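1. Whatever this is, show me its structure:
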Amino acid sequence: MGITARLDRLQRRHRGVGFSLAVVYKYLDDQGGYLAALITYYAFVSLFPLLLLLSTVLSWVLVGHPAVQQQVMTSALSQFPVIGSQLGEPKHLGGGVTGVVVGVAGALYGGLGVGQALQNAMNTVWAVPRDQRPDPFTARARSLLLLVTVGGALAATTVLAGITAGSGAFGAVTKACVMAVSVAVNAGAFIMAFRISTDRDLAVGQVAPGAVTAAVGWQLVQSFGATYVGHVVKSASATNGVFALVLGMLAFLYATATMVVLCAEINVVRVDRLHPRALLTPFVDDVNLTAADRQIYTDQATAQRSKPFQHVEVTFDAPTRDSDRGGHPDPETGDALDASAR
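-> The predicted structure is shown next:
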């Protein structure tokens, strides 16, 4: 038995390794990088109008209270990843009516776009057929619901964590408690997001593992990823400062979007038992597919169904070679497999 067959046999027999590999392969099968990139684009578009709107509203609400303005900007907004230091100066407060109009329009466009991109990603990873996905009006209404509920919860916990971290009045125990509460609230927000954004009927328990992982990952990305990217931006020259700021923000958002898609894949692989996968299935055609491989490829084809009266049938022929002609035997039994399936 060759080294490849031995590695394949090893990952199939060890549940943790096989499951992790199946999550990565499912991410690649669904072109998760492109799904994350679309979410990143709309999040980036909505971010700066939101910050413009926030700074404008603060300049109106806190007019005549420069000390309060300074506290808010240096404690909460300065903790915002990558660009927080740019927001921590009171001279940036302002914008007037124009700032409100531009902020609302840009934030609404980008926020609804994030919701649309998230729905597309979740329906893709769960292989929901196109004819079962919502119409444009329902999808945008659902995006608005995601923006108000999930977006509001994530923003609130981010500001809360920023105020706590930026103030010396809180001890280590209090900060740890606030972080734990933030993770719990974020986990609830991700549970809601994973259920609302897909047209497959899912229970809380089915999406909870990925949601909790996403909540912890979100906290880590904020704490460590933003620090690293912020250091890169801070060390950039004046000429490259703008480019470093934009690229740093894109890197942060893309890392977050990738994490969300991967966490959704965790739920899919777990719920639909899409593991183990054949070790070489993403790379070669001459491979004996596992039951999980066949299920995933069947679901991908079925997901392209555009009309309810359209029928999609999937069959699998035998690999290009069998064991008598040098093909790959099954890693579990050593026997050649008949790959025909339907």
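2. Low-confidence bits of the stretch 101-250 of the chain, can you list those?
-> Residues of the stretch 101-250 of the chain meeting the criterion pLDDT under 70: 103, 158-171, 224-242, 244.
3. can you give me the helices in it?
-> Using DSSP state H, counting those that start in this stretch, the helices found in the stretch 101-250 of the chain span residues 136-146, 152-166, 172-196, 204-220, 226-234, 241-271.
4. Can you check which of these gets nearest to Arg6?
-> helix 241-271 (23.4 Å; CB to CB). Any C-beta I mention is one placed from the backbone N, CA and C, and that applies to glycine too.
5. And that closest one, what does it pack against?
-> Secondary-structure packing of helix 241-271 (3 or more CB pairs under 8 Å, 6 or more residues apart in numbering; DSSP states H and E): helix 15-29, helix 32-61, helix 96-125, helix 172-196, helix 204-220, helix 226-234.
6. So for the fourth one, what gets flagged as buried?
-> Within helix 172-196, the residues scored as buried using 16 or more other CB atoms under 10 Å are 178-179, 182-183, 185-196.
7. of the helices of the stretch 101-250 of the chain, which approaches Phe44 most closely?
-> Per CB to CB, nearest to Phe44 of the helices of the stretch 101-250 of the chain: helix 241-271, 5.7 Å.
8. Next secondary structure element downstream of the closest one?
-> Counting by DSSP states H and E, the element after helix 241-271 in chain order, helix or strand, is helix 291-302.
9. who's in contact with that following helix?
-> 22, 26, 29, 127, 129, 272-278, 281, 289, 312, 314, 316, 341 (CB atoms under 8 Å, 6 or more residues apart in numbering).
10. so how many other residues sit close to Gly16?
-> Number of residues near Gly16 (other CB atoms under 10 Å) recorded here: 8.
11. returning to what we had before: nearest to Pro308 among the helices of the stretch 101-250 of the chain would be which one?
-> helix 136-146 (16.5 Å).
12. And the helices and strands packed on helix 241-271: which comes nearest Met259?
-> In terms of CB to CB, the element of the helices and strands packed on helix 241-271 nearest to Met259 is helix 204-220, at 4.5 Å.
13. sorry, back to before: any chance of the helices of the stretch 101-250 of the chain in a markdown table, plus distance to Phe44?
-> Output for the helices of the stretch 101-250 of the chain, formatted as a markdown table (distance: least, CB to CB, whole Å):
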| stretch | distance to Phe44 |
| --- | --- |
| helix 136-146 | 17 |
| helix 152-166 | 16 |
| helix 172-196 | 19 |
| helix 204-220 | 17 |
| helix 226-234 | 14 |
| helix 241-271 | 6 |
